[in-house]
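J.: sequence unavailable; structure follows:
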């Protein structure tokens, strides 16, 4: 990158925090222009990911000034009362944003910890965000976002059971929290938040085969544990006092994190060390008889696509529908179509650290969250902060259920037609770019519905359709009378 380009990136980084606090049209256009400038700077490394918004504040503390200049770490997201929120870990702070209008992320809360650390990790449940940190003495923090439009409240800050934890998982089917690593030792510590989400009950702390657990994914009381160099372990955790080993495998790399497909037949996991380790695909279909098998692997070396020695580093992987989202450090955010489970196809990518033009180590994109109903994708970069993206022409929904809907015409003039793939009882809501609901309608036992939009002013809108079964579909439309 030339000096002029670097100067423009620094200008964007310095300006964007100010712009997020000023939602008038002038600053909106400036923010949009700067975001487009950021996109232009590294367009050769970007494809099919639309940058909507960006936030960064260079005045925030840095956790490792003599090493990799970590200013940020993980991120997460949630929807509360029809508004969308992002949380990102700063080296010293937990930062919350209203991203209902993703073009102008608004800082809603900034909570200081006791220590300057990396990483900070998050999960959400019942309008709460659960935050942990590895390093220092920050323990467990719980934040209530039930009234986030007015205020976000830190309801718990506790170090009774541990001072630091590396990662956190949460099984929403049971309300159980699973804590990994940190000063609590090997294995997994389990809490129950189902009865009192602001003060979870301790259930167990077990040392497991495989020893140290770096991270885990949990679904319906089954724990998929990434145990570093020991490999990938799967446990039945129905009884948290007596976890049962179901299966395990490994490749010799450092098993970092994993995620499951919606049908539970396959898992994808990343191995962070050594550099150049591919993402592995694991067939879980014989898990009931204790057999799992690595059936594929893949890696895109975007900084140096022609190098025979791969140096890309997949860090965190997440799955939404048939899309796999990979935070891959210096390559940025990558998105794969995994509808063909064994043959992932790279369909989108965005370099969140364009300052890098070659591989230099563990810089860049840390994590992402692809499940907001609007389709906004949250992503965090260790040096460049919060990013908000969208994949054009792709419908997103909350995990684990989706709703298939065809909405036409687009652009619409006076009537909008909706066609579902099956009979449903549905609620339809239309939101403007400020996150305000401008229209609501509902229907019962029907696949088809026509909506009168003649009273809505011209512009871009998001349509959200929610079925009685809990499935959700969100799409973007243009109304032009």
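T.: Perfect, I can see it now. No experiment lies behind these values; they were computed from the predicted model shown.
J.: now the strands for the stretch 51-200 of the chain?
T.: 72-80, 83-90, 93-98, 106-112, 120-125, 128-133, 140-144, 153-158, 167-171, 176-180, 188-192 (DSSP state E, counting those that start in this stretch).
J.: reformat those as a markdown table; add mean neighbour count and mean pLDDT.
T.: In short, each C-beta sits where N, CA and C put it, glycine included. Below are the strands of the stretch 51-200 of the chain laid out as a markdown table (neighbours: other C-beta atoms under 10 Å; pLDDT from 0 to 100):
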| stretch | mean neighbour count | mean pLDDT |
| --- | --- | --- |
| strand 72-80 | 24 | 97 |
| strand 83-90 | 26 | 97 |
| strand 93-98 | 22 | 98 |
| strand 106-112 | 17 | 96 |
| strand 120-125 | 24 | 96 |
| strand 128-133 | 25 | 97 |
| strand 140-144 | 21 | 97 |
| strand 153-158 | 15 | 97 |
| strand 167-171 | 23 | 96 |
| strand 176-180 | 25 | 97 |
| strand 188-192 | 22 | 97 |
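J.: which stretch among these comes nearest residue 364?
T.: Within the strands of the stretch 51-200 of the chain, the stretch nearest residue 364 is strand 72-80; the backing value is 10.8 Å (C-beta to C-beta).
J.: partners of that closest one in the sheet?
T.: Strand 72-80 sits in its sheet next to strand 83-90 (antiparallel), going by DSSP bridges.
J.: hmm, residue 139 is touching residue 157, no?
T.: Yes. Residue 139 lies in contact with residue 157 (C-beta atoms under 8 Å); the separation is 6.6 Å.
J.: quick one: least confident helix or strand in the protein?
T.: In the chain, the helix or strand scored least confidently by mean pLDDT, DSSP states H and E is helix 3-20, which has a mean of 37.
J.: overlap in contacts, residue 139 and residue 157.
T.: Shared contacts of residue 139 and residue 157 (C-beta atoms under 8 Å, 6 or more residues apart in numbering): none.
J.: contacting residues for the most centrally placed residue in the chain?
T.: The centroid of the chain falls nearest to residue 369 when counting by C-alpha atoms, centre = their mean (1.2 Å). Residue 369 is in contact with 75, 76, 77, 86, 318, 377, 378, 379, counting by C-beta under 8 Å, 6+ apart.
J.: how close does it sit to residue 348?
T.: 16 Å (C-beta to C-beta, to the nearest Å).
J.: try residue 383
T.: Distance check for residue 383 against residue 348: by C-beta to C-beta, it reads 22 Å.
J.: what do you get for residue 51?
T.: From residue 51 to residue 348 the distance is 12 Å (C-beta to C-beta).
J.: how about low-confidence regions in this structure?
T.: 1-45, 64-68, 184-185, 393-403, 433-435, 468-470, 472 (pLDDT under 70).
J.: can you list the domains in it?
T.: Structurally, the chain divides into domains by automatic domain parsing as follows: 59-390, 405-479.
J.: so which of those domains is the most surrounded?
T.: Mean neighbour count (mean count of other C-beta atoms under 10 Å) peaks for domain 59-390 among the domains of the chain, with a mean of 20.
J.: quick one: terminal-to-terminal distance for it?
T.: Start-to-end span of domain 59-390 (C-alpha to C-alpha, to the nearest Å) is 28 Å.
J.: likewise for stretch 305-321?
T.: The first residue of stretch 305-321 is 28 Å away from its last residue (C-alpha to C-alpha).
J.: and that stretch, how far out from the chain middle?
T.: Its chain's average C-alpha position is 17 Å from that of stretch 305-321, according to C-alpha atoms, centre = their mean, to the nearest Å.
J.: same question, stretch 124-139
T.: From the chain centre to the centre of stretch 124-139 is a distance of 15 Å (C-alpha atoms, centre = their mean).
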